[in-house]
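Asker: model the structure of this input:
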Amino acid sequence: MIRTEIVKVKSLKGIAFKQKLTSGGTGITIITPDDKAVFTINKRDGTCSPYGPVNGEVFTGAVVDEAIELTRGLPYKRLGAISKVYEDRHVDEGSVDLEEGDEKLDIDVMASAEYKEFIANYTDKRDRFSYQLMNRDLMQFAAKSRVVSKMLSDKDNVDDIVRYVIKSKAADLCRNKGMSDEMLSVFIDTFDSMDTRSAFKELRAYLRGKLSRKK
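Answerer: Numbers count the residues shown, from 1 in each chain. Next up is the predicted model:
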């Protein structure tokens, strides 16, 4: 199952994790000893909608908001499905194979060297993935790149520059020739879905600022 590590939800006796869905999107799953709910996450604004039947009296807006915040930025891994949650919030974990409700991935980003290197290099002292560390390093990389400098001078599209920076940094970390365009798109989407505020927003803002000064 492709999901994050579980977190304990304080506003009810249960746990939560973020997962990839068959719809191609991202879901937040919340499980108590007696009930379960899955919500889809709109990657544009971070809002949630029920993904199947949901008991609104148990899984309130406040509970969902807490689960979203607790799982924000946690990296995806291939982990076992959760089959049971006990009153003390211990869990039974099942097979790591893809389960019904998982996204069937044409490209397995989690298995790629690029994903593993990004997770390893931008994890902080608390063992949490740090978007601040990642964006800071990507901005430093962009500032030193002659290719980025030329793209800025040519007033290229911000998205194109972001893609170049991420692809080049990943190739540098892995010492390889770089990702295909399709792999790069899935790679960026995966990190964006880990943080609904957009994983690379600081890099985008930095590049927009550079472009505005070129006018």
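Asker: hmm, who's touching the longest helix along the chain?
Answerer: The longest helix of the chain (DSSP state H) is helix 158-174. Residues outside helix 158-174 that contact it (C-beta atoms under 8 Å, 6 or more residues apart in numbering): 113-114, 117-118, 121, 137-138, 141-142, 145, 147-148, 151-152, 177-179, 184, 187-188, 200, 203-204, 207-208, 211. (Glycine included, C-beta is placed from N, CA and C.)
Asker: how far off helix 158-174 does the helix or strand that it is followed by point, in degrees?
Answerer: Counting by DSSP states H and E, the next helix or strand C-terminal to helix 158-174 is helix 181-194. Helix 181-194 and helix 158-174 are oriented at 100 degrees to each other (axes from the mean of the first three to the mean of the last three C-alpha atoms, to 10 degrees).
Asker: buried residues of helix 181-194, list them for me.
Answerer: 183-184, 186-194 (16 or more other C-beta atoms under 10 Å).
Asker: so which elements touch it?
Answerer: strand 14-20, helix 113-121, helix 158-174 (3 or more C-beta pairs under 8 Å, 6 or more residues apart in numbering; DSSP states H and E).
Asker: for Leu70, find the nearest of the ones you listed.
Answerer: Nearest to Leu70, of all the helices and strands packed on helix 181-194, is strand 14-20, at 6.4 Å by C-beta to C-beta.
Asker: where does this protein have low pLDDT?
Answerer: Along the chain, the parts satisfying pLDDT under 70 run over 89, 95-106, 196-197, 215.
Asker: domains for it, by residue range?
Answerer: Here the chain is described, according to automatic domain parsing, as comprising the domains 2-93, 109-212.
Asker: the shortest one: how far from the chain's middle?
Answerer: Think domain 2-93. Counting by C-alpha atoms, centre = their mean, to the nearest Å, domain 2-93 is centred 14 Å from the centre of its parent chain.
Asker: endpoint to endpoint, that domain covers what distance?
Answerer: 13 Å (C-alpha to C-alpha, to the nearest Å).
Asker: tell me which residue lies nearest the centroid of the chain.
Answerer: For the chain, Met194 is the residue whose C-alpha lies nearest the centre (C-alpha atoms, centre = their mean; 1.8 Å).
Asker: wait, doesn't that one sit right on Lys18?
Answerer: Yes - taking contacts as C-beta atoms under 8 Å, Met194 lies within contact range of Lys18: 7.4 Å.
Asker: which residues do the two both contact?
Answerer: Taking C-beta under 8 Å, 6+ apart as the contact rule, Met194 and Lys18 both touch 4, 74, 76.
Asker: number of residues surrounding the last one?
Answerer: Read it as Tyr76. Counted with other C-beta atoms under 10 Å, residues neighbouring Tyr76 total 22.
Asker: what's the separation between it and Leu21?
Answerer: In this view, Tyr76 and Leu21 are 12 Å apart by C-beta to C-beta, to the nearest Å.
Asker: cool, the first one as well?
Answerer: The span separating Thr4 from Leu21 equals 13 Å under the rule C-beta to C-beta.
Asker: the two: which is more packed in?
Answerer: Per other C-beta under 10 Å, whichever of Thr4 and Leu21 has more neighbours is Thr4, with 22 against 17.
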